[in-house]
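**Student:** got a sequence here, can you build the structure:
(chains A, B, C and D)
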There are 2 protein chains.
Amino acid sequence: MNGAAGPGYDPYAFEPFAVTVDLAVFTVRGGALHVLLIRRGQEPYAGSWALPGGFVLPRESAEAAARRELAEETGLPEHIVAALHLEQLRTYSEPDRDPRMRVVSVAFTALVPDLPEPAAEGGGDAVQARWLPLGEAPDLAFDHAVILADARERVRSKLEYTCLATAFCPPEFTLGELLAVYETVWDTVLDRPNFRRKVLTTPGFVEAVPGAARLTGGRGKPAALYRAGPATALHPPLLRPEGPPR
Amino acid sequence: MNGAAGPGYDPYAFEPFAVTVDLAVFTVRGGALHVLLIRRGQEPYAGSWALPGGFVLPRESAEAAARRELAEETGLPEHIVAALHLEQLRTYSEPDRDPRMRVVSVAFTALVPDLPEPAAEGGGDAVQARWLPLGEAPDLAFDHAVILADARERVRSKLEYTCLATAFCPPEFTLGELLAVYETVWDTVLDRPNFRRKVLTTPGFVEAVPGAARLTGGRGKPAALYRAGPATALHPPLLRPEGPPR
DNA sequence: TCCTTTAATAGTCACTGTGACTATAAACAG
DNA sequence: CTGTTTATAGTCACAGTGACTATTAAAGGA
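**Tutor:** Residues are numbered from 1 along each chain as shown, chains lettered A, B, ... in the order given. Below is the predicted model:
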């Protein structure tokens, strides 16, 4: 910025802006992409579902605020929130997006594995946090439906050219589970052997856990276990099929 | 956002934030990638170079502010600014990025052709706007060096999987000029026939101008002219070479 | 025990896109 | 006319992928 004709040094020269963060946290559960939502306890939109988030404090970056709000508002365990891969999505700044005052919101996206605890009660406040499948997501407060749609599209395309799909998996997983992540997020069906070949020939995408295998729910040949590798980019990309099969 | 324990309805409950926009506007000129910079007339950083930008007004979105500031601060013609493809880069929110007060800045990126006028004087204010090559960019005010580096990397990767390179070209251009854009932005050398084949076989990347040709500065065979096509994405992408040749 | 089902794993084949390279065409300078 | 420069045309081999077939290792039922 630069104050050619700006307010100079007086912080109160303009009606102040509030700056908030909003989070679109995704997981894959039971063949459906889920998003973490909270139920609002206050006006406006009291009783509505919304993305978790909140105000950025005066001495805090947006990234720090996102992590703090996520820990406060949702029941996500500390170590999960601290290690989480948070990515800025974009900033939403339409003048009337909040009826109370001028609020500019920095939106973030995060991917987490299917957590055992279904996001318990929030930390003291009367907020209720829940995983809801995207298919049956209710109306959301503010412009959160737009943010959620943007975040979903970002995640879908990120799977194409990054190794982020493993973020949806537990520390050790089978290639069948990784395949299920892709099929769920893209809502498509992939060829199993070709998917295998692509993942295994991409250096650093996954690393075999020596000797380990897991029975896949009782039926079928036991699958080998893998861990996420050090690679982050997928060169060349793994493109999703065009036409809408499935 | 949502005010579980937030400031509720009192806009003055917190020390206010200012929200600004910063623009990284690029062009290709004389074999070098250039960025549009202004020289600051005010403290802090008076006399330093900075990215163009300024405060978001109370009833204005960040996108609108970016377009307005660009028109006000730089000598860019109206119709250029109005038609410009502006893309959000990301938002910078570190608490001390501005010594005066808490300022959160939404950064944008734009690509323009090499304009005949080298960005004349700003609109009345004593700001001086100039195109400077990235190689010899001076120290920048605030965290603008970081923003500029992020924007440059965004542009470099955007050329891989979008058709945006034509935004650097005049309305009608030769494939040699388009090639020069890629070679300049990526700082590499590409194989001419292969580049041709890629561009011409990608539907909608460019459209031939029937019968038109241009003598390429006197020497060599005249080149056919093309216009930007309707396509925006490049599937499959045109990947830059890995090792640093040239 | 044998046979069927299920899912993982192995391998084959053709096609597409690309990197590297050679050849021809059309302008200008001397 | 000859050499230089740049645009354009075409060739060849190889990597990556889509579509497909085959084999292996487990569970469950007859």
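
**Student:** give me the below-cutoff pLDDT ranges for chain A.
**Tutor:** Within chain A, the ranges that satisfy pLDDT under 70 run A:1-14, A:116-127, A:215-218, A:243-246.

**Student:** just list the residues touching residue A:230, thanks.
**Tutor:** For residue A:230, the contact set (Cβ atoms under 8 Å, 6 or more residues apart in numbering or on different chains) comprises residue A:204. C-betas here are computed from N, CA, C, even on glycine.

**Student:** helix or strand: which one has it?
**Tutor:** Using DSSP states H and E, residue A:230 sits in no helix or strand.

**Student:** same deal with the one 10 residues further on?
**Tutor:** Assigned by DSSP H and E, residue A:240 belongs to no helix or strand.

**Student:** right, and it touches residue A:189 too?
**Tutor:** No: the pair residue A:240 / residue A:189 is not scored as a contact, 11.0 Å apart, by Cβ atoms under 8 Å.

**Student:** between those two, which one's more packed in?
**Tutor:** Just comparing residue A:240 and residue A:189: by other Cβ atoms under 10 Å in any protein chain shown the higher neighbour count belongs to residue A:240, 16 against 12.

**Student:** how near is that one to residue B:190?
**Tutor:** Noted for residue A:240: a distance of 28 Å to residue B:190, by Cβ to Cβ, to the nearest Å.

**Student:** what sits against residue A:156?
**Tutor:** Counting by Cβ under 8 Å, 6+ apart, residue A:156 touches A:185-186, A:240.

**Student:** now do residue A:88
**Tutor:** By Cβ under 8 Å, 6+ apart, the contact set of residue A:88 is A:62-63, A:106-108, B:90-91.

**Student:** how about CSV for these, with neighbour count, secondary structure and distance to residue A:41 added?
**Tutor:** Shown next, in CSV, are those (neighbours: other Cβ atoms under 10 Å in any protein chain shown; DSSP: H, G, I helix; E, B strand; the rest coil; distance: Cβ to Cβ, whole Å):
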residue, neighbour count, secondary structure, distance to residue A:41
A:62, 24, helix, 23
A:63, 18, helix, 26
A:106, 29, strand, 23
A:107, 28, strand, 21
A:108, 26, strand, 22
B:90, 21, strand, 31
B:91, 26, strand, 28
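
**Student:** quick check: the farthest pair among the residues you listed?
**Tutor:** Using Cβ to Cβ, those reach their maximum pairwise distance at A:63 and A:107, which is 12.0 Å.

**Student:** where is the longest helix in chain A?
**Tutor:** Using DSSP state H, we find that the single longest helix of chain A is helix A:144-161.

**Student:** next, the buried residues of that helix.
**Tutor:** By neighbour count on 16 or more other Cβ atoms under 10 Å in any protein chain shown, the buried set for helix A:144-161 is A:144, A:147-148, A:150-152, A:154-155, A:158-161.

**Student:** what is the nearest of the residues you listed to DNA strand C?
**Tutor:** Among the buried residues of helix A:144-161, residue A:161 lies closest to DNA strand C (Cβ to the nearest atom of the strand), at 14.5 Å.

**Student:** once you drop chain neighbours, what's closest to the closest one?
**Tutor:** Closest residue to residue A:161 apart from its sequence neighbours, by Cβ to Cβ, 6 or more residues apart in numbering or on different chains: residue A:237 at 4.1 Å.

**Student:** what about that neighbour, distance to residue A:187?
**Tutor:** Residue A:237 is 18 Å from residue A:187, where distance means Cβ to Cβ.

**Student:** again, but for residue A:111
**Tutor:** Per Cβ to Cβ, residue A:111 is found 17 Å from residue A:187.

**Student:** more neighbours, the two?
**Tutor:** More neighbours surround residue A:111 than the other of residue A:111 and residue A:187, with 24 against 16 (other Cβ under 10 Å).

**Student:** name the SS class of the residue lying closest to that one once chain neighbours are set aside, please.
**Tutor:** Spatial nearest neighbour of residue A:111, chain neighbours left out: residue A:167 (4.0 Å); criterion: Cβ to Cβ, 6+ apart. Secondary structure, DSSP: H, G, I helix; E, B strand; the rest coil: residue A:167 is helix.

**Student:** residue A:195 and residue A:180 touch, don't they?
**Tutor:** No: in this structure residue A:195 lies outside contact range of residue A:180 using Cβ under 8 Å: 10.5 Å.

**Student:** rewinding a little: for chain B, state which of the buried residues of helix A:144-161 is nearest.
**Tutor:** Ranked by distance to chain B (Cβ to the nearest Cβ), the buried residues of helix A:144-161 are led by residue A:161 at 8.2 Å.

**Student:** mind listing what the closest one touches?
**Tutor:** Residues in contact with residue A:161 (Cβ under 8 Å, 6+ apart) are A:233-235, A:237-238.

**Student:** so which of those reach DNA strand D?
**Tutor:** Filtering the contacts of residue A:161 for proximity to DNA strand D by Cβ under 7 Å from any atom of the strand leaves A:237-238.

**Student:** list only buried entries from the contacts of residue A:161.
**Tutor:** Using 16+ other Cβ under 10 Å, the buried ones in the contacts of residue A:161 are A:234, A:237-238.

**Student:** in chain A, which spans are strands?
**Tutor:** Under the criterion DSSP state E, strands of chain A are mapped to A:18-29, A:32-39, A:49-50, A:53-55, A:86-92, A:103-111, A:128-133, A:173-174, A:206-214, A:223-228.

**Student:** what is the second one packed up against?
**Tutor:** Put plainly, it is strand A:32-39. When contacts are defined as 3 or more Cβ pairs under 8 Å, 6 or more residues apart in numbering or on different chains; DSSP states H and E, strand A:32-39 packs onto strand A:18-29, strand A:49-50, strand A:128-133, helix A:144-161, helix A:175-186.

**Student:** output those as JSON lines; include the columns distance to residue A:115.
**Tutor:** Listed next are these as JSON lines, based on distance: least, Cβ to Cβ, whole Å:
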{"stretch": "strand A:18-29", "distance to residue A:115": "7"}
{"stretch": "strand A:49-50", "distance to residue A:115": "19"}
{"stretch": "strand A:128-133", "distance to residue A:115": "8"}
{"stretch": "helix A:144-161", "distance to residue A:115": "17"}
{"stretch": "helix A:175-186", "distance to residue A:115": "15"}
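
**Student:** and the nearest residue to residue A:228 once chain neighbours are set aside, how far from chain B?
**Tutor:** If the residues on either side of it in the chain are set aside, residue A:228 comes closest to residue A:166, at 3.8 Å by Cβ to Cβ, 6+ apart. From residue A:166 across to chain B, the span is 22 Å (Cβ to the nearest Cβ, to the nearest Å).

**Student:** just residue A:79 next, same as before
**Tutor:** Taking Cβ to the nearest Cβ, one finds residue A:79 at 23 Å from chain B.

**Student:** try residue A:54
**Tutor:** For residue A:54, the distance to chain B - Cβ to the nearest Cβ - is 6 Å.

**Student:** go on, residue A:221?
**Tutor:** Counting by Cβ to the nearest Cβ, the gap between residue A:221 and chain B amounts to 34 Å.

**Student:** same thing with residue A:137?
**Tutor:** Separation of residue A:137 from chain B (Cβ to the nearest Cβ): 16 Å.

**Student:** residues from chain A in reach of DNA strand D?
**Tutor:** Close to DNA strand D, as judged by Cβ under 7 Å from any atom of the strand, chain A has residues A:191, A:193-194, A:197-198, A:201, A:215, A:218-222, A:236-239, A:241.
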